[in-house]
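>>> no sequence for this one, just the structure:
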Ligand SMILES: C[C@H](O)[C@H](O)[C@H]1CNC2=NC(N)=NC(=O)C2=N1
């Protein structure tokens, strides 16, 4: 099985990209531990939540994720809810669903060292 973290996101050109099937998404999900498949407005997305220690650590978390996203040219939806709940959703806007890019980004986010940022309570 190819490690997703060794791959790079490809440019999201809606012409030749299609959202993946539910079956394909289910087959990739074991490679992105902690992420869930959700369906919103008929579109599949990847979603994961974490609890951070402080609001500012939430900001630091976003910066780390933003750097990964910029390097990949693929960008997640970032939410900081009720000051300490980070929720990240990833999907390919250009195709209205999931592509391998989303799994690559999720795998690279999973590789970040978040140790100093996370609360020890629920969410990890
Ligand atoms: C040209 C470039 O690939 C696109 O604008 C990218 C930028 N980042 C993106 N990120 C995500 N998540 N979905 C997209 O469709 C997308 N499009």
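Perfect, thanks for sending it. Source: prediction; values computed, not measured. Residues are numbered from 1 along each chain as shown.

>>> list the contacts of the one residue sitting closest to the centre of the chain.
Among the residues of the chain, the one closest to the centroid is residue 106, at 3.8 Å (C-alpha atoms, centre = their mean). By C-beta atoms under 8 Å, 6 or more residues apart in numbering, residue 106 lies in contact with 4, 32, 35, 46, 48, 90. Quick note: C-beta positions are derived from backbone N, CA and C, even for glycine.

>>> just those now: which is nearest the ligand?
residue 90 (6.2 Å; C-beta to the nearest ligand atom).

>>> longest strand of this protein?
Ranked by residue count, the top strand of the chain under DSSP state E comes out as strand 43-51.

>>> does it come close to the ligand?
No. Counting by C-beta under 6 Å from any ligand atom, the ligand is not contacted by strand 43-51; separation bottoms out at 9.6 Å.

>>> check stretch 72-79 too.
Yes. Counting by C-beta under 6 Å from any ligand atom, the ligand has neighbours in stretch 72-79: 73-75.

>>> pull out the buried residues from that stretch.
72, 74-76 (16 or more other C-beta atoms under 10 Å).

>>> again, but for stretch 15-25
Under 16+ other C-beta under 10 Å, the buried positions of stretch 15-25 are 17, 19-20, 25.

>>> pLDDT score assigned to the residue of the chain positioned farthest from its centre?
Relative to the centre of the chain, the most outlying C-alpha is that of residue 15, 23.2 Å out, by C-alpha atoms, centre = their mean. Note for residue 15: predicted pLDDT of 75.

>>> number of residues surrounding residue 36?
By the criterion of other C-beta atoms under 10 Å, residue 36 has 11 neighbours.

>>> name the nearest residue to it, ignoring sequence neighbours.
Computed as C-beta to C-beta, 6 or more residues apart in numbering, the closest residue to residue 36 that is not its neighbour in sequence is residue 47, at 5.2 Å.

>>> neighbours of that neighbour, just the number please.
18.

>>> ok, so of the contacts of residue 106, who is nearest residue 113?
residue 48 (16.0 Å; C-beta to C-beta).

>>> perfect, I'm done here.
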